[in-house]
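# Coordinates only, no sequence provided:
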């Protein structure tokens, strides 16, 4: 589970940097709801896939 979350965060960082390059600066602030929502999505999705694969 932890490995899946880490993988999701490793995918999120380049996407966050590209979004920042496009002018979407809300993901720069770690306390913003946009950052929290994106990070949660990128952490939960790999965990769900991992749980589905394990079954």
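Happy to help now that I have it. Keep in mind that what you see is a predicted model, and the values were worked out from it rather than measured. Numbering: from 1, shown residues only.

# Could you pull up the residues touching the residue most central in space within the chain?
Nearest to the mean C-alpha position of the chain, counting by C-alpha atoms, centre = their mean, stands residue 42 at 2.9 Å. Applying C-beta atoms under 8 Å, 6 or more residues apart in numbering to residue 42 gives the contacts 8-9, 11-12, 15. (C-beta placed from N, C-alpha, C; glycine too.)

# That one and residue 24: what is the separation?
Per C-beta to C-beta, to the nearest Å, residue 42 is found 15 Å from residue 24.

# Also residue 7?
As judged by C-beta to C-beta, residue 7 and residue 24 stand 23 Å apart.

# Look at these two and report which has more neighbours.
residue 7 (17 against 13; other C-beta atoms under 10 Å).

# Just list the residues touching the more buried one, thanks.
residue 46.

# Check what pLDDT it gets.
Residue 7 is assigned a pLDDT of 93 by the prediction.

# next one: the one 5 residues further on
pLDDT, the model's per-residue confidence, is 95 for residue 12.
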